[in-house]
Every structure is written in C-alpha cells, then in structure tokens.
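>>> got a predicted structure plus its sequence, pasted below:
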Amino acid sequence: MSQIAQQVFNALQLGSFYALIALGYSMVYSILMLFNFAHGDVFMVATYIGYFVAVGLLGLVAASMLPLPSWALFVLTLVLTMFLASFVGILVELVAYRPLRDAPRASAAITGLMVGIFMETGVLALLGASRKDFPALIPPQTFQLGPIYVTNLKILTLGMTLLLLVLLYLLIHHTKLGMAMRAMSFDYAVVPLLGIPMNTVISFTFALGSALAGAAGILYGMSYPVLDPYMGVIIGWKAFVAAILGGRGSIFGAVVGGFMLGAIEILVAATMPSTMRDLIAYSIVLLILTFRPYGLFGEEYSARLRL
Amino acid sequence: MSISVSSTPFRRSLRSKLQALRDVPVGSWFLGAALAVLLEWYIGPALAYALGLGQIPAIFGLSLILKKPWLIPSVLLYLVLIYGLPLAVMARLSAGLIRRLEARLSTGVYVGLHLVLLFFLLWAWSSADDYRLLVIRLLAINILATMSLNIVNGWMGEFSVSVAGFMAVGAYVSSVLMVWGFVNDDVFGPPVFPPQLAPMAFPIVLVIAGAVTAFSALAVAIPSFRTRGDYLAIITLAYVFIVRSFFENMEFIGGPRGFMNQPEVAGFPMVFFWTVFGIWVMRNYVTSILGKATNAVRDNESAAEMMTINTRAVKITAFLTHAFWAGVAGGLYAHVIGYINPATFDIRRSAEILGMLYLGGLNSITGSLLGPVLFMFLSEVLRPFQLLKWLVIPVILIYAMIRRPRGLMGFQELRIPFLERRRIAREEEKLHGAAGD
Amino acid sequence: MSSPQLVVENLEVYYGNIRAVHGISFHVNKGEIVAIIGANGAGKTSTLRAISRWMVKVGPKTRMTFEGHDLLRYPPHKVVSELGISHVPEGRRIFGNLTVWENLMLATYARKDRHNLKRDFDMVFDLFPRLAERRNQKAGTLSGGEQQMLAVARALITGRRMMLLDEPSMGLAPLLMQEMFAALRQINREGTTILLVEQNAHMALKFAHRGYVLETGNLVLEGLTMDLLQNPRVKEAYLGG
Amino acid sequence: MRRWLLVLALLLGLVLAAGCGGQATPTQAPEQETAAETQQETAKEEAQPAEQAKEIVLTIGFTESRTGRLEVSSGRQAKGLRLWMKHINEAGGIKLSDGTVVKFKEASYDDESSKDRVQELYTKLITEDKADFLISPYSSGLTDAAAVIAEQYGKVMLTTGAASDKTYQKGLTQVFQIYTPASRYLTGAIDLLLTTDPNLKKVAFVYEQAKFSTTVVEAAKTYAEEKGLEIVLFEGYPSDTTDFGPFINKIVQSGAEAVLGGGHFQDGTTFARQLYEKQAPVKAVVLLVAPPEPEFAELGDAALGVTGPSQWEPQVKYTPEAAKELGIEWYGPTNEEFVQAYKAEYNEEPSYHSAGGYAAGLILEYAIKKADSVDPAKVKEALDNTDVLTFFGRTKFDTSPESHGLQIGHEMVYIQWQKDDQGNLVKQVVWPKEAATAEFIYPMR
Amino acid sequence: MALLEIEGLTHWFGGLRAVYNFHTRIEPGEIRGLIGPNGAGKTTIFNLVTGYYRPTEGRIVFLGRDITGKRPNEIGKLGISRTFQNLRLWTHLTALENIMLAYYGQIRYGLIGAFFNTRRRQEEEARIEVEAMDLMRMLEIETYAHRVVSGLPYGIQRKVEIARALATKPKLLLLDEPTAGMSPAEMLETMEFIQFVRERFNLTIWLIEHRMKFVMNLCNWIQVLNFGEVIAEGPPDVIRDHPDVVRAYLGEMVEI
C-alpha cells in the first residue's frame, strides 16, 4: 500500500514536468495548428536561464546585498526565469514560424527542429562542455507522511504545478488576451475582424508556453540537478507525446496526458522489469491512439482550447 | 558602375558559353567527369603533392579550404586542372557524338548506359580514397531512406517520423541473419552456410529484412486508416521508441551493447545497385496509377474514395513500401558500418533524414537525391568548423525552408532533356496515331 | 456629405490565380444603407473582404479610401480598430467556445474609448434583449438567429463608423429576420453606415437605399433600390437568367 | 565518328580499370607515396647514421565528442592527450638510437557522439590525414565502431575511455586497451565490501541500460554470486531516467544492504541524490563513472559516503619504488607532476579520463621508444610486450589470440566521498589497501 | 427496375436532424433535380448515397443491390459517381492525371506491375491514357491535359471534375451544384453539356442546383428539400408555382 502511495507521488512529480511542458505544445497547437518542435529546447534554454538567475541571486544573497529567505528567493527566481524564458519563445516564433505562416506545416516543423539544434549547439558553444549543477534554492528536507517519504521538493513541484495551472486557467478565462487565445483556437481567421492583432496573440501564446517551460525548468533543475544542453530533447519529445495523448490543442488534455504519461512510465518501471519501460509505455500510447484516434480529449479535426 | 558596363560584353560571352554548356547532353557530362576521375587517378596525387596539398583533396578540397585558408589558390588550381577543364572540354567535345548516339539508342539502353557510366565513375572516384568510399556509401543509404520516406511524407502527405525505427528493424534482421549464416560468432556459433556464399546471399537477406520491416510497419499502417496528421505522427514516433526499447531488451543480440561482426558484403557495387534498384522501383510505383493514388489521398481523401480508390490499400502499400526500403537501407547501413546498437537508430536519425527530405523537396525523386547530397555535402565540408558546424547547418536549413517552404525541388522533377524529347516525341506520335485513325 | 465615406475603384480580387472580382468601382456615402446583390459566386463576399482587408489579395490597380484614408495601408485589425469598420462575416463566425458576454468583451479588445463601453453594451442589449438573457451561455449553444444577433452585436461594439454585413439573413426564420432588419435599421439611424451583401434580393432591396448588382465579378447594374426592384434585368442577373 | 568511338571505348575501358582496380587496392597511389617517403627517410637514416638527426613527425589521429551527449568526459580525455603531446614535443621528442627524433602532431575531428561519424572520421584520419597511430574516441560504443576501421586498415589504436571487454573478443589484433576492462570494474568493490563486512549478504544492482554499464554489472553479478552474495535486485534503467523513485522503492523493499550500479555521470548523480533524499537505508552505494568526477561534490551531503570505481585518482601513489617491487619498469612523470602540469595547463582538476588520455599517449611513446622505430609492426610488437608502471598504474596487454589487446595489468581504485576535519567534502581512495588514503566508511551514513 | 431506390432515409448529426424520412425512386435515363435553400440537407443526401455517411435509418438500393453502409470506393465501383460542391480535384496533379486516377478501380496489373513497370502495366496505362484523352477531347478540355489543375480556370476545373467522375464509368452521376460560380452564359453552356454527356454516356443524372432556370429546363422531376424534409416534388412547372417552394427558396417577402 505504502509502495503504491509512494509511486503515486513519484508519478505526480514526473507528470508535473510533462504536463507543464506539454502545455506549451498544446497552446501553440490550438491556435496555430502547429507543433513547436523547438519547445523541448526552449525548456532546456529556460532551465539554463533559471540556473543563471538562481546563481546570480544566490550570489547577491551571499554578498548580503539581498536579504531574502529561501522561499522568497525561490519565488523570485521562478518569476524572473519565467519572465526571461518567455522571450525565448517569442524569439523562436519570430525566427522559425512567422516567416512560414503560410507554408506547409511540415516545413515549419523542420525549421522548429533546426532551431532546436541551433539552441542546443549554441548553449554548448557559449557555456562550454562543463556541466552545470543547479543550486539548491531550498534546502532539501524529507517528511514522513505515515508510511511514505516525501521530499519538500516533490510537494513544491506538485504545489507549484497546481498553482500555475490555476493561474493559467484564470489568465485564459479572465483576461482579454486569454479570451483572444481561446477565440483564436476556435476560429483562427476571424480574430483580426475584432480588431485584435493576431501576431500579438501568437507571441503571447508562445511566451506563455515558454514561461511554463521555464517554471518546469526551475522545478526540474531543483529535482534533478545536472543540466546539459541535450536535456530538452528526450523530455521534449515525451511531453509532445503527452500533449497528443491528451488530445491536441486541449489544455485539459495536455495536463491529463502529462500526468498519465508520468504515471505509465513510473508504474511500468515499478512493477515490471524497468528496461521494458519505453517498450510498454509507448505500446500503450500506440494502442490508445489506435483506438482513440484523436487522443483522450481531442475532437476529430478540430482544436478547441478548453479547461 | 563603370565596371558593370565594361563587363557586360564579357558577361554576355560568358553567358553564351554557359548556354552552350547547358545544351550539352548528360552523357557528355558523365564522359567529362570520367576524364576528370581518370586524371585524378593517374596524375591527381602528383599534382596535389606539387601544389602543396599533400594528397588529393577528398571532397573537392572544400573542407581543406576551411581548415587551411592559405591553400585556397592551390585547391582552386587543382579543381580547375583536374575537374573543371577536363570536364568542360570533354563535355563540349563529346556533345556531338553523344547526340548522335542518342538518336540511335532506345530509351532503356540509353539510360542503362548512363547508369553503368555513373557507376564506374563514382566507383573510380570514390576508390581513390576510402573516406570518399565510405561517405558515398552512406550517402547512397541516406538517399534510399529519404526516397522511401518521401513516399509517405511527400506523395501521401503524412508526417511520419518512424524511418529510424524501420532502419533499425532492417539493420538488426539482416545482421542477425548474416552473422548466423555466414560468420563464426560467439553468439550464434559457427556459420550455417559456407562464408563464401555471403555476398550471394546478402541480397536475399536484404529482401527478407525489408519484408520483416514492412510487416512490423503494419503497427503504424493500420492506425493510419482512422488517423491522419499529427496523431499519426505520434504513432510513428511511438514506433521509434518501441523499436529501440525492443532491441535494448533483446539480450541475446547484445541488448544495449549492440551487435557486431557483420560480414563485409556491402561494398560500393552492392550499395549502388540497391540504391538504384530501390529508386527505380519506387519511381515506378509513384508514377503508376496505383502509386499516384497516394497523391489523391493526400490532396483529397474523400474524393479519392469516390473515384473508386481503395484508400486503405493505398495507405498500407505506401507505408509498407516506405518500411521495406527503409529496412533495406538499414540492412545496408549495418553492413557498411559493421557495428550497430539500438542507440544508433534514435529519433535524431529520423530528424536528420527528415531534414534531408524537406531540404530536397517533397513529392520529388530529384529532391530525394538532392536533399541527402546537399545535406551530407554540407555536413562533410563544414566539418572543420567543429562545434560551429551545428550552428551553421541549422541556419542554412532554416533559410532554405523560409525561401523555399516546399524544399528545393518540392513538387518538381529535374527534366533531363533527352528523356523530355523522347516523351514529347512519344506524345506526338500518339497524337498522330489518333489523328490517323 | 460632399465626398463619399467609402470609395472603391477598380477592385480586383484574386484567389491564387483565379480572379473573383474583375475591377469594379463603387462608393458608399455616410449614413447610407447600400446593398450588393448577386448570385452565388458573383464576388460579393470577396468585395466585402477586400474592404476589410481580410483573407483576400487585391490586384495592383485597386484603390480604396475610407474617409480619406488609404485602406490598402491598414492591416486587417487596424481597419477595425483605427478606422471603425466592422465586418460581420458570412456564416456568423462567432466564437462558440466563449460565452456571449466573452464574445462581446473580446470585441472591446482594441477600443480606446473605455468610457463609452457601458453605453454601447446597454445599446446592444437594448437592441437584442435575448442576448442579455443569455449572456453567460456558451455562444455555440445559441440558435442560428441568436448567433447572427451576436455577430451583429459584436460588430457594433468593435466599430461604429461603417458596418459590412455578409448575408445577415441567411438561415434565419422570417420572424427573426424581421427583428434583425429592424435592429439594423435602428443602428443605421444612429449613424452607422451599412454595406450589406445579400443573396436574398427582395429582402436586401427593400431594406437598402441604394444597390449594386454583381454578376460573376462584374458590376452590371446600380441605382436606387426602388428602381432596381422594378428592373427586370435584376431578376435575370440574380435568378440566373 | 569511328575515331570518336575509339576514344570513347578507350576512356570507358580506363574508367572501368580504375574502378575495378580501385576496389582491390584502395588509396594505392597516395599511400604508396607517403609510405615510400617514410621508408626512404628511414633508409637514409639507417644508411648514414652519422649525419644530422632527422626529425619525423607522427600524426596521432583521434576524434572527440564536442557535440552530443558524451562531450564532457571526451573533452577531458582529449585534454589529457594533448597535454602529453605538448610535453613530449617540448621535451624534444623521442630520440631513437639512430638519432631520429620523433615528434607528434594531432589530427582530430568532432565525432558528434555518433557511430557513423566515428567510422567516417577514422577512415578520414587514416586515408586523408595519414594518421600513423590512432587513439580511440570516448565511450565503448564509439570505440567499437572505430575499432572496426582501425582493424580494417591495420592501424595500431590505443583505446582509452572505453572499458568494454567484448571489443577484444572479436579477434582484433591492432587495438590495445588502456583502461581496466568493464568485467573488473566492480569486482574490487565486492572485495572491498566483503573485507569490510563479512556478514554482508544482500546486494542490489541498479544500472544504466547502456553498453558499458551492462557489461560491468553482468560481470560483477557473476563475481558476486561466486562470492556467495545474494542478488536481491538486478535492474536496468533507460539512459534518460530522471526519476529513480521506482528503483529506490524496489531497493528498499528488497532489503538490499549495498547498491551497486549507475551508468554515466548524469544518471549517477541524480540516482545518488535521490537515494539520499529518500533516505534509502543502505549501507553502501557504489556507482560507476559519476563519483570520481570532481563535480560530484556539488551534490553536497548527498555525495557523502558514495563510493565509486576509478581508473585513476590524483591521490593514488604509484611510484618508481612500487615498480621496482613489482619487478617492472617505471616510465613517465609521477602523479604529482602530471596533476600539477594538468592544473597549470587547464586550470581544473584532472579526472581519470584526463589521465587516461595522457596515459594512452605515454604508452605509445613508451612503445615507440622500446621498438626503437616508428614502424607500426615493430611498435605493435613492443606494445604486445609492454609491462610497465606509470603514474596511471600498471599496463600490460593480453596477447592471446582470443582476447588480444585486453588490458590485464591495470587495476581499479575505489574512492569514497568523505568529510575532512574542516567538514569539507573530499574524495578519498579506500581500495586497494596499498593505495588507500583513508579508511572505508561503512555503513556510509 | 428502378436504378436507385431510397426508402426512409434519415440522418442525424449529433443532436441535429439533417435528413428526415427521405424517399425517392430514380429510373434509368432521368435527369433528376434536388433543390432547396442552403443547409436544407441536399448534400447530406448525396453523401449518404455515396457512402460518406452511414445513415441513421433507411435503405439505399442501387440496381437491386442494397448499398447502405458500403464504403465510397465500393459504391463508386458499382456505378455511382459524383462531383462536389466545392471542387475536390487533386490540386497538385495535372488534369490528365486527375482523370487517369479515376480509372483506379479498373486497374488489373497489381502491385507487381506497379513496382517493376511490367509490359502489362505499360499497356494498361497507355490504354487508360488514350481513354482519358478521348474523354477530355470529348469535353473539349484536352488542351489543358498536362497542366496542373490548381492553375486552371474555374470552368475548366468543373469540367475536369465531371470528366473525372465519368472516368469511373458510372451509371448514375450525382452533380452537386454544377453551375456554382458560373455566369448565365456559362450556365447555358453547362446545361447543354450535361444533356450531351447524358446522351453520350447513357447516364442517369441527379443534380443539386440553386438556379431555378437551370433546374427547370433540365430536369424532368424535381424534389424540394427544406430542413431535411421534402416539401414538394413534381415536374418543373408544378414546382415553379408551388408557394412553399417560392417561399423557401426565393427568399421571404418580408415587410420591414
């Protein structure tokens, strides 16, 4: 029993990362009908940004120029990183997707992949081969909840993810930009007729997705501390799978898909020979998509942003 | 300003010269290239030594230029002397002869002759340097894989990323069969058949490997009945993950440690033959009505159904053809490299082949040739840039995609004048025949 | 009004290399209701879209000015937000996943005169009391007529100088249609110029002051609607001979 | 017309001949030339020994992974190798008995951590850059791919950063391994554990599913079973695993007293950290690759007590005296000299990858000196007969035909992260006893 | 025997009733008209007959065989063909290729023939090409044979689509608004053309049309659909004066 509870916690943590990153794919998809294949690398760059922000702030604290308790430091890092990361997304859209707005979508996918490779190599070239170890913003602690052990990081990850999801919900439902995003996902073309500049909404969506990836990056960096320029590749593809699994363009779907992929992976690893993880996890994905060809929450040939 | 005015006559003469060269038939170019290769073979090393290049520059000296810029004049001189001049002169001189030949030969013989010439040409060129030999074999394999992918992504308009998975299946199946059959190996024990037979058996093994790959591709072909676009893309992605994980768990063939000891049967002739054969078969398919039905499925699936096209059969055929040839490409790859492991066939390999495909252009045989050639050429030439290479290549590709969103040769084919003339002649004949009735 | 509010000269519209509108010229005066009628595929919708710079490409010889501004220099969202031309597209195109209220709020996105919003909302709900009743309902669940009302209401809030209406009567039951046109007339009385495109010729000509008749991308007739209604040529063009 | 046909036929014939001939004797022309040149030179030397010393510059070919997942360790290895090259060239090269001075230059490429690139590039190194001797790329997978090529061309290749045994069971003749092979990577750890705690019974193996680590743990498993240990868990994890929760839970459930395994740096670090966070009640943790890396210290308390096998450590004291005791020769700089030179050159702590790179060069140097020639066959023979102690440890190659080139002299050392008097994390060598700098702390926490 | 017989055809889209209890019986050689305002369910009926949708209720019998629920390609092979309201040509292909592809169901050379370019394939495709060219010549579009269809004038595209539909050798041809976007002159031409096609290929034609004059002149029997139900049917002159039809179709005479 405690075993299961423990695994549930593990799955929720992993699922949080997948969900936060999958949201970036899903939101962009819902308005542009386009998968941002550079998103995994946006996540990587965002994590590096987070690293520098964290190191910088810790430096300031150490030099006692910034007397902040650790939780405030964490929040400050998170907010700053999300803000900075959003520009990465905007830039990616500007370079890789805007010039190809009317081109076949597959071409945009290729430029996305290329931008991803560019970012990987760029980070490698700028920062060299040395590994970055994400600083511990919050001293790790382990709690015992009945029979299960939970680290404060796990709780933080889960709590932050839920908080961000709630904020995202509020943003999408109670701001005009959020309404515009939802409107655009329903009927892309008609948006300019309401006097809404389409490019602003698109940039905003990219920014939002990247900011979430930035948050995921901080949480990820704190949980799995070593950063390298290729860290975004696999997790990016997996979050992409999660986004599709939930149903493309569905925010709710992306979140559920993310948590589900996390759960499948953890449970397979926990109950079966773990070398079979990918084999079984992706066979499940394949089966789901064979029998529910439009994902769990997707609709046939439509993209609706829902929550 | 004055320069441009004064250069105009020069330009004009240059243009007329270029125009003259443009009319030169392909065969003459091949002859010219043959002369260049011969020259390189016999006097290349000496010339290169004399020019201070040390040895014949592997890929037209381009990577040498980047590495040692002070050698640029020497490299240029070498290129002009060994390649440029003989090529141009021979091409011009033999043009008349080839044209006269053209008139007498049937299309099949004509094309066959060209292929034979091309084969020996490439063989001779690449044999001058083993590095070239390896690169050209890998290039041929990439061309085969790209062309097969083009059937699904280009002609049928899906977005499949499973090519690495197909290559993995083909590579493993062929490797296991060859090692089991013809090699004394610590896993499979002594060879089942006499090892001398290996080169003869290899084509059969490749066909089996292709067939097994095609069978495994049913996992993505069947969902394609109900799913299109992005969901199908994910299914193909899942296929890559599944295949990789599957081979990692196959302990008896090395698991993640990989599998080696493949006999050396994939020499240049073998690879060349399979590539040409594969392209020929796929060309036949996509130009037939059965194959063009993939286009109908892409452009408008519902209209295709009404026009009696069995879209399910079309989808299955397209995927299985893709898988078969990607499997063959994988089998060739395994025997060229002589060592494979599951990590060789990860999603990055798919991405690379996708890059080649979209650079070259969808729905185009020429594009499937051009994409890999350009991509590998860039990749080899920019090697001296080291790390920066992977900053430069993406930028070039992004630029290319922005300028030509459908790829360089998307939806077009290079028209070979001779074949064009034949086609026109055939059509005129048909018209006359019809009029005569 | 000395000079017309909207002047269109030599309008050509292309889809790919197919020409949908073959160089037509017309004008709309301030405060007028002008109808463009014609059969399916005559180029009516393309004409409207060209004016709001939305989804179509115009030919090189085309000139369009609105209150002296060169329309060709405005991207679509600025045509709405800066010139005050609102466009009710064919097929309503309301956002079915948003509530009625959200649909209307979204229309205020680019408006700078926040202080007038309340007045406009009041007017809209005055004109279409049903929308007020259903303000928290998802727009996708409204009936066809209510959706059409919402589309018009949305356009009213985005811009009040001129309203382009694409087939406002399509798919409306007679009673609703009457209601709709009454509302439009009310809007016109309050100063909004209306340019509408209709297949339903009787309807349109009864409602408008002036009319133009389009036939396969060419302007074949124009005049006061009373005259047009009498003209046998109209029936011919519209009913297809 | 006829004349033309004749020319054409001739041309075709020649191309044909060239094409067919080419396959039989690749790179005939150019290679003959250089080979002849070298021979001429050597011949000249031999004929006129009194004349002024001739200088030969040998090309050492290798690839390094500048892009792709393996870049860090690979970079260190290349740095070590370059340092060796700098040292030997600054020292005036190797002086052969005939007065020839042998110096070295490098030819290297970025292999992008990819196997087909490795093959392409080693072919290029051999045929284009005329590399005389080869050093392997980093990692077993890439090395296997490179070995295929080295063997094909009969070029001597010293492998470093590649510990797989299997490579040497394929009948290779030209490849020589510097590292202790994977099969002996963790066996010492089992000795260490059993010596410290004879009552130890239950061990768990949790390892990365990759070529190297799989080989290591499979060999260690056999060894552990021989020693009477009970393997309560034997599980691989995919290379990209970030959450070790499931494995840690399994470990806890299995009641394992010691955990062995890991894979590469990334996963090993994460694994160690999560073991700590979950407070897994194990008495010893032995992980591959990650613990010896200096960055492992950044884990803080999570690093404490973690043990790892290492090919070499800065504190290890192999000395000329030790060589004398063993009855073999000592060669090259001492450990301190190497460490200081490396720090001075690159401003960072050397890791065992760095040392491995340096040692590969050093052993080559030693073999050339022994062979007193640059002739590959003679150097190969010298390598076959090598038994030498360097700062890196002992080097001796298996010469039996079934596993030629396998390293049989070198031993692993085991390090453990401990706290010094000031409470700083330090790496201590705990095994073998002879080289130990501190006591093994057991249980770890 | 009637060519096509439909009984009690009903179709629901989710909660929306698109077609309700539709009956018809089409005899060989007829030109049948189906009219009604936008959204009346006309195209849905075509989609049901050609197998794109599976009807919620009802039975469709073609040449004595129940074809309800068959897939479109099978129905196409049996002898029903159609054009689409918004042209559905294969835009990247040439006009000739578009037409040749419609011979798919008649191909016998199989995959082996396709892959290895056998003599049999060459002969069959040559024959198909001749037939397709003949078809184009008959419709006077042969000059466009080698041009990609997306660049052709609209009227030509319409003709290519009809030629493509004819290539499947249908007995019943469904035309969905064949004159959409045409000028009156072009419309007259199309009218003649349809009559010509019918006689030349011995076809039965069922068409959806908006233009009254076109329908009235061409069809021998007309059904009027509104909100998925037939509100009137009969010969043209009956329909012309039917008050419900006038109201439903020509637009309401609303006083404002």
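Received, thanks.
>>> what does C:Ser52 show for phi and psi?
Dihedral pair for C:Ser52: phi -90, psi 10, per degrees, to the nearest 10.
>>> from memory it sits against A:Gly195, does it?
No - C:Ser52 is beyond contact range of A:Gly195, at 10.6 Å (criterion: Cβ atoms under 8 Å). For glycine as for every other residue, the C-beta is placed from the backbone atoms N, C-alpha and C.
>>> got any residues that touch both of the two?
Taking Cβ atoms under 8 Å, 6 or more residues apart in numbering or on different chains as the contact rule, the neighbours common to C:Ser52 and A:Gly195 are C:Val80.
>>> which residue, other than its chain neighbours, is closest to D:Lys103?
D:Gly93 (4.0 Å; Cβ to Cβ, 6 or more residues apart in numbering or on different chains).
>>> so is stretch B:92-110 next to chain D?
Yes - using Cβ under 8 Å from any Cβ of the partner chain, we find that stretch B:92-110 touches chain D at B:94, B:97, B:100.
>>> which one of these is nearest to D:Thr214?
Using Cβ to Cβ, B:Ser94 comes nearest to D:Thr214 of those, at 59.0 Å.
>>> tell me the pLDDT of the closest residue to chain E within the stretch 151-300 of chain D.
Nearest residue of the stretch 151-300 of chain D to chain E, counting by Cβ to the nearest Cβ: D:Gln152, 35.9 Å away. pLDDT, D:Gln152: 84.
>>> just A:Leu80 next, same as before
At A:Leu80, pLDDT is 95.
>>> which helix or which strand is home to it?
Assigned by DSSP states H and E, A:Leu80 belongs to helix A:70-92.
>>> burial of the residue nearest to D:Lys103, as a residue count?
By other Cβ atoms under 10 Å in any protein chain shown, the residues close to D:Gly93 number 20.
>>> ok, it to D:Ala360 distance?
With distances taken as Cβ to Cβ, to the nearest Å, D:Gly93 is found 18 Å from D:Ala360.
>>> may I have the phi/psi pair for the residue nearest to A:Phe37 when sequence neighbours are not counted?
Computed as Cβ to Cβ, 6+ apart, the closest residue to A:Phe37 that is not its neighbour in sequence is A:Gly112, at 3.5 Å. When read as degrees, to the nearest 10, the backbone of A:Gly112 gives phi -60, psi -50.
>>> how about E:Lys169?
With angles defined as degrees, to the nearest 10, E:Lys169 sits at phi 60, psi 60.
>>> what about it, distance to chain B?
9 Å (Cβ to the nearest Cβ, to the nearest Å).
>>> before we move on, the earlier item: now tabulate the residues of stretch B:92-110 next to chain D in TSV and tack on pLDDT, secondary structure and neighbour count.
Output for the residues of stretch B:92-110 next to chain D, formatted as TSV (pLDDT from 0 to 100; DSSP: H, G, I helix; E, B strand; the rest coil; neighbours: other Cβ atoms under 10 Å in any protein chain shown):
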residue	pLDDT	secondary structure	neighbour count
B:Ser94	79	helix	25
B:Leu97	79	helix	19
B:Arg100	79	helix	11
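>>> dump the residue contacts of C:Gly145.
Each residue near C:Gly145 by Cβ under 8 Å, 6+ apart is listed here: C:172-173, C:176, C:179-180.
>>> can you do 10 Å?
Residues near C:Gly145 by Cβ atoms under 10 Å, 6 or more residues apart in numbering or on different chains: C:130, C:171-173, C:175-177, C:179-180.
>>> pick out the most distant pair among those residues.
C:Arg130 and C:Gly171 (16.4 Å).
>>> neighbouring contacts of the host helix or strand of C:Arg119?
With secondary structure defined by DSSP H and E, C:Arg119 is part of helix C:117-127. Contacts of helix C:117-127 with the rest of the structure, by Cβ under 10 Å, 6+ apart, involve C:101, C:104-105, C:107-108, C:111, C:113, C:116, C:131-133, C:135, C:149-150, C:152-154, C:156-158, C:160, C:179-180, C:182-184, C:186-187, C:190.
>>> just the buried positions in the helix holding A:Leu80, please.
A:73-74, A:76-78, A:80-82, A:84-86, A:88-92 (16 or more other Cβ atoms under 10 Å in any protein chain shown).
>>> quick one, strands of the chain?
Unless you meant another one, I'm taking chain A. A:132-133, A:142-145, A:148-151, A:226-227 (DSSP state E).
>>> wrong one, chain B
Taking DSSP E as the criterion, chain B carries its strands at B:259-260, B:339-340.
>>> residues making contact with the last one?
Contact with strand B:339-340 is made by B:167-168, B:171-172, B:174-175, B:247, B:253-254, B:258-262, B:330, B:333-334, D:115-116, D:118-119, D:141-142, D:144-149, D:167, D:170, as judged by Cβ under 10 Å, 6+ apart.
>>> coming back round to it: buried subset of the contacts of C:Gly145?
C:130, C:171-172, C:176-177, C:179-180.
>>> what is the burial count for B:Asn142?
B:Asn142 is flanked by 25 other residues according to other Cβ under 10 Å.
>>> what residues are up against it?
Applying Cβ under 10 Å, 6+ apart, the residues contacting B:Asn142 are B:275, B:329, B:333, B:349, B:352-353, B:356-357, B:368, B:371-373, B:375-376, D:116.
>>> any idea how far the residue of the stretch 1-150 of chain B found nearest chain E is from B:Leu419?
Closest contact between the stretch 1-150 of chain B and chain E, by Cβ to the nearest Cβ, is at B:Gly108 (10.4 Å). Distance of B:Gly108 to B:Leu419, computed by Cβ to Cβ: 11 Å.
>>> between those two, who's got more neighbours?
B:Leu419 (15 against 8).
>>> isn't the more buried one right next to B:Thr107, touching?
Yes - the pair B:Leu419 / B:Thr107 is scored as a contact, 7.1 Å apart, by Cβ atoms under 10 Å.
>>> overlap between the buried residues of helix A:70-92 and the residues near chain B?
Filtering the buried residues of helix A:70-92 for proximity to chain B by Cβ under 10 Å from any Cβ of the partner chain leaves nothing.
>>> closest to chain B among the residues you listed?
A:Val92 (11.0 Å).
>>> how about the residues of the stretch 101-250 of chain A near chain C?
Within reach of chain C by Cβ under 10 Å from any Cβ, the stretch 101-250 of chain A has these residues: A:173-174, A:176-180, A:182-187, A:189-201.
>>> if you set the cut-off to 7 Å instead, what comes out?
A:176, A:179-180, A:182-183, A:186-187, A:189-190, A:192-198 (Cβ under 7 Å from any Cβ of the partner chain).
>>> which of those residues ranks first by neighbour count?
Busiest of those [other Cβ under 10 Å] is A:Leu193, holding 30 neighbours.
>>> any stretches of the stretch 1-150 of chain A with poor pLDDT?
A:1-3, A:129-131, A:147 (pLDDT under 70).
>>> what average pLDDT does stretch E:171-178 get?
On average, stretch E:171-178 scores 91.
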